[in-house]
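Colleague: this is a predicted model, with the sequence first.
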Amino acid sequence: MRNPSARLLALPAVLLFGALLSGCPNPNTYGTPRTVAPGKVAHSVSLESLGYIGESTEDEVNPETGQVEARRRTTSGFVPTLPSYQLRSGLTDILDVGAHVHNLSSFGVDLKVNPVRGVFDLAVDPGVQYFYLASDEASVHIVYLHAPVMLGVNPTDWFSIVLTPGVTYGLASGNIANDDEAAATADGLVLRGSVGFQFRTSDSFAIHPELTMMKSLEGPGLVYNFGIGFNFGALPSYKDLQEPM
């Protein structure tokens, strides 16, 4: 068994303008560090897009020397993807669980722990995402292990700013480029960071735009997810921030 040089984020970048766009990790949460109340359920539907900024190398003939030289060019792309759905269920006062359907093509679960609440909120939210990519040139199973820390600032009871630094580790295995000998594995660590803004129009509805940037340690290039989440149901409470009458 030989390992190809394909990197974790390289395969989604190659397929970015193809039919399967969601082989890339999708770390957007469209939520705040606060957990759903015990026994309650909240939902999120998001409209999303995927982009990348990278480099490509092309051979060009130098008109002055007549020599073939390699030149680097910046490449980029940005396209909409299929929507995502998330369900969150409260387990305890500081613990809830989430189930995700990312871009209607991959599945994930996470467990959020929220020990700090107030004007400043903090939570850890480890999770896993599974994706199966199949085309004429690839058949790949991909598992992403997400390890984010959620930091929230709540200026008022209706608005929050959420920063989510973290890492994602990917495990990929399968056949690439119809090469029967490339029943390969490709592992990779991805640095990630998100910024989101939640606007709560009522106790049961909120709008949450979010942008996540991802950088693979395996090579150059940057991948980003942008989306707008629409949250409804038994959303986390912020009544502790309301001014007394």
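Modeller: Great, that's in hand. Residues are numbered from 1 along each chain as shown.
Colleague: which stretches in this structure count as strands?
Modeller: 41-61, 68-80, 84-92, 95-102, 106-116, 120-124, 127-134, 138-156, 159-176, 183-202, 205-216, 222-233 (DSSP state E).
Colleague: what angle sits between the third one and strand 95-102?
Modeller: When axes from the mean of the first three to the mean of the last three C-alpha atoms, to 10 degrees is applied, the directions of strand 84-92 and strand 95-102 differ by 170 degrees.
Colleague: give the buried residues for strand 84-92.
Modeller: 84, 86, 88, 89, 90, 91 (16 or more other C-beta atoms under 10 Å). C-beta here means a position set from N, CA and C on the backbone, and glycine is covered the same way.
Colleague: which strand residues bridge the third one?
Modeller: Legend: beta-bridge partners of residue 88 under DSSP bridges are residue 42, residue 98.
Colleague: who's in contact with it?
Modeller: Neighbouring residues of residue 88 by C-beta atoms under 8 Å, 6 or more residues apart in numbering: 31, 35, 36, 41, 42, 43, 44, 96, 97, 98, 99, 112.
Colleague: TSV please, covering those residues and showing pLDDT and distance to residue 229.
Modeller: Rendered in TSV, the data for the contacts of residue 88 read as follows (pLDDT from 0 to 100; distance: C-beta to C-beta, whole Å):
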residue	pLDDT	distance to residue 229
31	96	8
35	97	16
36	97	15
41	97	16
42	97	11
43	98	10
44	97	5
96	97	16
97	98	18
98	97	12
99	97	15
112	98	15
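Colleague: hmm, back to that, closest one of the buried residues of strand 84-92 to residue 133?
Modeller: residue 84 (17.0 Å; C-beta to C-beta).
Colleague: so what's the closest residue in space to residue 146 that isn't next to it in sequence up against?
Modeller: Among residues not flanking residue 146 along the chain, residue 127 sits closest, at 4.5 Å (C-beta to C-beta, 6 or more residues apart in numbering). Residue 127 sits next to 98, 100, 108, 109, 110, 111, 145, 146 when contact means C-beta under 8 Å, 6+ apart.
Colleague: nearest to residue 202 among those residues?
Modeller: When the contacts of residue 127 are compared for distance to residue 202 (C-beta to C-beta), residue 98 wins out at 21.5 Å.
Colleague: tally of neighbours for residue 76?
Modeller: Look at residue 76: counted by other C-beta atoms under 10 Å, it has 11 neighbours.
Colleague: typo on my end, it should be residue 93
Modeller: Around residue 93 there are 11 residues (other C-beta under 10 Å).
Colleague: how far away is the residue nearest to residue 146 from residue 170?
Modeller: Noted for residue 127: a distance of 13 Å to residue 170, by C-beta to C-beta, to the nearest Å.
Colleague: shared neighbours of the two, anything?
Modeller: Shared contacts of residue 127 and residue 170 (C-beta under 8 Å, 6+ apart): residue 145.
Colleague: rank the strands of the chain by pLDDT, which is bottom?
Modeller: Here the strands of the chain differ in mean pLDDT, and the lowest is strand 68-80 at a mean of 76.
Colleague: so how far is that one off the chain centroid?
Modeller: 23 Å (C-alpha atoms, centre = their mean, to the nearest Å).
Colleague: and that strand, what does it pack onto?
Modeller: strand 41-61 (3 or more C-beta pairs under 8 Å, 6 or more residues apart in numbering; DSSP states H and E).
Colleague: can I get the strand it packs on as CSV, trimmed to CA atoms?
Modeller: Extracted C-alpha coordinates of strand 41-61, given in CSV (Å, rounded to 0.1, in the frame of the first residue of the first chain):
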residue,chain,number,x,y,z
VAL,A,41,-34.7,20.9,21.8
ALA,A,42,-33.5,23.6,19.5
HIS,A,43,-33.0,23.6,15.7
SER,A,44,-30.8,25.4,13.1
VAL,A,45,-31.1,25.6,9.3
SER,A,46,-28.2,27.3,7.5
LEU,A,47,-27.5,28.6,4.0
GLU,A,48,-23.8,28.2,3.3
SER,A,49,-21.0,28.7,0.8
LEU,A,50,-17.4,27.4,0.4
GLY,A,51,-14.3,29.1,-0.9
TYR,A,52,-10.6,28.6,-1.1
ILE,A,53,-7.4,30.6,-1.8
GLY,A,54,-4.4,28.6,-3.0
GLU,A,55,-1.5,28.5,-5.3
SER,A,56,-0.8,26.6,-8.6
THR,A,57,2.4,26.1,-10.5
GLU,A,58,2.5,26.4,-14.3
ASP,A,59,5.4,25.9,-16.7
GLU,A,60,6.0,29.0,-19.0
VAL,A,61,8.6,29.8,-21.5
